[in-house]
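Chemist: got a predicted model here, sequence first, then my questions.
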Amino acid sequence: MRRDEYGPWARRAVAWGEDYLATLRDRPVRPRTTPGSTAALLPDRPPEAPEPLEAIFADFERIVPDAMTHWQHPRFFAYFPANAAPVSMVAEILTATMAAQCMLWQTSPAASEIEGRMVAWMADALGLAGFTGTIQEGASAATLAAVLTMRERTLDWAGNADGLSGAPRLRIYASAEGHSSIDKAVRIAGLGQANLVKVPTGPDDGMDPEALAAAIAADRAAGHLPAGVVVCVGGTAIGAIDPVADCLAVARAEGLYTHVDAAWAGSAMICEEFRPLWAGVEQADSIVMNPHKWLGAQFDCSIQFLRDPEPQIRTLALRPDYLRTAGHDAVTNHSEWTIPLGRRFRALKLWFLLRAHGLEDLRARIRNHVAWAGELHDALAAEPHFEIATPLRLSLFTFRWTPPGRDPDAATAALARAINDAGTIYVTETTVRGRPVIRFQVGQFDSTRDDVMAALDAIRAARDTLPCAP
Ligand SMILES: Cc1ncc(COP(=O)(O)O)c(C=O)c1O
């Protein structure tokens, strides 16, 4: 494509997007496609000669949309949302067009300074006074950065210099409700899965602080080196929330570095009434929340807040001569805070989103999601032969179908599949304490109350197709 062809084709792409968004509600949320069917439509070898844009675009329309799961569908109730408020899409078009590489202040000064200001705005919006931070591509990256910092701080930065051979066993603590990104982080950090201690949870599925203290004491007695605690606020499976203040108090008394994973639930903390759920969070060293999950910023946009960035910068920064910002020692080079060197201009979409909606509108959406999830929860609890498996936490709960005379595990799993195969809504099939449940969350930016209540009809309709219907 020549540069002078960019405008017409970009306009055509935007026009396609306009139509896509307007008709999204009429599409099945999850595609009716089978593994390998898209790949089968693509030639085995790349073209040697240029192909006309008309043909490329036509193939996009023919092959892609019907084989996609539509994350922006207002009846997407699976996983957690990966949102894209329209205004953040506009910002992403601008970001893509400038194709800025924001590794250093001098490689994109505006990006670097807007990133700093957006982190400060979000700290203000979330009640995290005194925190600074950086924008990462995801919570997994932030958690890995935090785990590496736990490792290096505990070893007085000898791990980076000398490697880990000969070092005592470093121990990281999290509950079993913690996300698998913690497991991945301990593996990548070279600590080993066996040194991620899964601390028992209490009856409300949150980490038991006494069990945490006991695990740390036992590890010290065994000659291990406790290094850090990852506290969960809004776990992925059932929205579990650790008692933040108590867990952080145990960790701080032991001199351990702490990271709070609020990847999903963090967005809700723009509403003051939800902040008791993470009371005490200001004592954390590091906190991650994903504005792309529930706030409306287009995927990807994850903020890692840091009370003091120095330990993480000392862990991650490398400053070869070609990466120096000569004459500007006071500037922030965000690549020194994160693992990748090259960085996208993610702050722009947050700037557009926060300004175009304002916090009041964003709060109203989250409050609505929580209220509507509560309505659906109550309706299902009142429905014959349905039971709530785990309680409503913010906008997430799980349920089971228990028709009389049938195996409830098989019935629940069959119902989840029937719901998703029908395609009107999309839910997640998972297990709680080894037993199948259907997991439901509300968080898509454009979901309405009707969309959420339509889920009740979709669940009933799917139930009625099953042979084990009462
Ligand atoms: C609680 C929690 N933490 C971490 C992650 C990983 O997030 P990311 O995909 O941004 O790496 C997820 C993903 O859903 C999550 O739900």
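Modeler: Structure's in. What do you need?
Chemist: could you use CA atoms for every contact and neighbour count after this?
Modeler: OK.
Chemist: residue 178 against residue 232, yeah?
Modeler: Yes: judged on CA atoms under 8 Å, residue 178 makes contact with residue 232 at a distance of 5.8 Å.
Chemist: I'd like the distance between residue 372 and the ligand.
Modeler: Residue 372 sits 21 Å away from the ligand, going by CA to the nearest ligand atom, to the nearest Å.
Chemist: for the one helix or strand that residue maps to, packing partners?
Modeler: Assigned by DSSP states H and E, residue 372 belongs to helix 347-382. Helix 347-382 is packed against helix 86-98, helix 109-126, strand 386-393, helix 449-464, with contacts defined by 3 or more CA pairs under 8 Å, 6 or more residues apart in numbering; DSSP states H and E.
Chemist: which residues are contacting the shortest one?
Modeler: The list of residues contacting strand 386-393 from outside it, by CA atoms under 8 Å, 6 or more residues apart in numbering, reads 234, 238-240, 373-374, 377, 380-381, 397-403, 432, 437.
Chemist: follow-up on the earlier one: can you list the helices and strands packed on helix 347-382 in JSON lines and add mean pLDDT and mean neighbour count?
Modeler: Shown next, in JSON lines, are the helices and strands packed on helix 347-382 (pLDDT from 0 to 100; neighbours: other CA atoms under 10 Å):
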{"stretch": "helix 86-98", "mean pLDDT": "96", "mean neighbour count": "17"}
{"stretch": "helix 109-126", "mean pLDDT": "96", "mean neighbour count": "19"}
{"stretch": "strand 386-393", "mean pLDDT": "97", "mean neighbour count": "18"}
{"stretch": "helix 449-464", "mean pLDDT": "97", "mean neighbour count": "17"}
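Chemist: and the ones you listed: which comes nearest the ligand?
Modeler: The closest of the helices and strands packed on helix 347-382 to the ligand is strand 386-393. By CA to the nearest ligand atom, the value is 13.0 Å.
Chemist: roughly how far is that closest one from the heart of the chain?
Modeler: Centroid separation for strand 386-393 versus its chain: 22 Å, with CA atoms, centre = their mean, to the nearest Å.
Chemist: likewise stretch 391-398?
Modeler: Centre-to-centre, stretch 391-398 and its host chain are 17 Å apart (CA atoms, centre = their mean).
Chemist: that one close to the ligand?
Modeler: No: applying CA under 6 Å from any ligand atom, one finds stretch 391-398 out of contact with the ligand, separated by at least 11.7 Å.
Chemist: what about that stretch, start to end distance?
Modeler: One end of stretch 391-398 to the other measures 7 Å (CA to CA, to the nearest Å).
Chemist: where exactly do the strands run in the stretch 51-200 of the chain?
Modeler: Taking DSSP state E, counting those that start in this stretch as the criterion, the stretch 51-200 of the chain carries its strands at 132-136, 170-175, 196-199.
Chemist: indicate which one of those is closest to the ligand.
Modeler: It's strand 132-136; of the strands of the stretch 51-200 of the chain, that one is closest to the ligand (CA to the nearest ligand atom) at 8.6 Å.
Chemist: can you tell me the average pLDDT over the closest one?
Modeler: Across strand 132-136, the average pLDDT comes to 97.
Chemist: what's the angle from it to helix 347-382?
Modeler: 80 degrees (axes from the mean of the first three to the mean of the last three CA atoms, to 10 degrees).
Chemist: which residues are contacting strand 132-136?
Modeler: Residues from elsewhere that reach strand 132-136 (CA under 8 Å, 6+ apart): 115-116, 119-120, 123, 142, 301-309, 334, 337-338, 346-347.
Chemist: 7 Å instead?
Modeler: 119-120, 142, 301-307, 334 (CA atoms under 7 Å, 6 or more residues apart in numbering).
Chemist: which members of those residues are the farthest-apart pair?
Modeler: Using CA to CA, the pair of the contacts of strand 132-136 lying farthest apart is 301 and 307, separated by 19.6 Å.
Chemist: tell me the SS of the residue of the chain most remote from its centre?
Modeler: In terms of distance from the mean C-alpha position of the chain, residue 49 ranks first, at 40.7 Å (CA atoms, centre = their mean). When classified by DSSP: H, G, I helix; E, B strand; the rest coil, residue 49 comes out as coil.
Chemist: quick one: contacts for it?
Modeler: Contact analysis of residue 49 by CA under 7 Å, 6+ apart lists nothing.
Chemist: ok, now how distant is it from residue 5?
Modeler: Computed with CA to CA, the distance linking residue 49 and residue 5 is 18 Å.
Chemist: got it, and residue 175?
Modeler: Distance from residue 175 to residue 5, counting by CA to CA: 54 Å.
Chemist: more neighbours, the two?
Modeler: Using other CA atoms under 10 Å, the more surrounded residue of residue 175 and residue 5 is residue 175, with 25 against 10.
Chemist: okay but the more buried one is in contact with residue 196, surely?
Modeler: No: assessed by CA atoms under 7 Å, residue 175 is found out of contact with residue 196, at 9.5 Å.
Chemist: what does the protein have sitting close to the ligand?
Modeler: The chain has residues 80, 138-140, 179, 181, 234-236, 261-264 near the ligand, with proximity defined as CA under 6 Å from any ligand atom.
Chemist: again, only this time at 8 Å
Modeler: Residues of the chain found near the ligand (CA under 8 Å from any ligand atom) are 79-80, 137-143, 178-182, 232-237, 239, 261-265, 290, 293, 300-302.
Chemist: so which of the residues you listed are in helices?
Modeler: Cross-referencing the residues of the chain next to the ligand against helices under DSSP state H gives 139-143, 180-182, 293.
Chemist: for the residue nearest to residue 263 when sequence neighbours are not counted, list the residues it contacts.
Modeler: Nearest residue to residue 263, sequence neighbours excluded (CA to CA, 6 or more residues apart in numbering): residue 289, at 3.9 Å. By CA under 7 Å, 6+ apart, the residues touching residue 289 are 139, 261-264, 266-267, 302-304.
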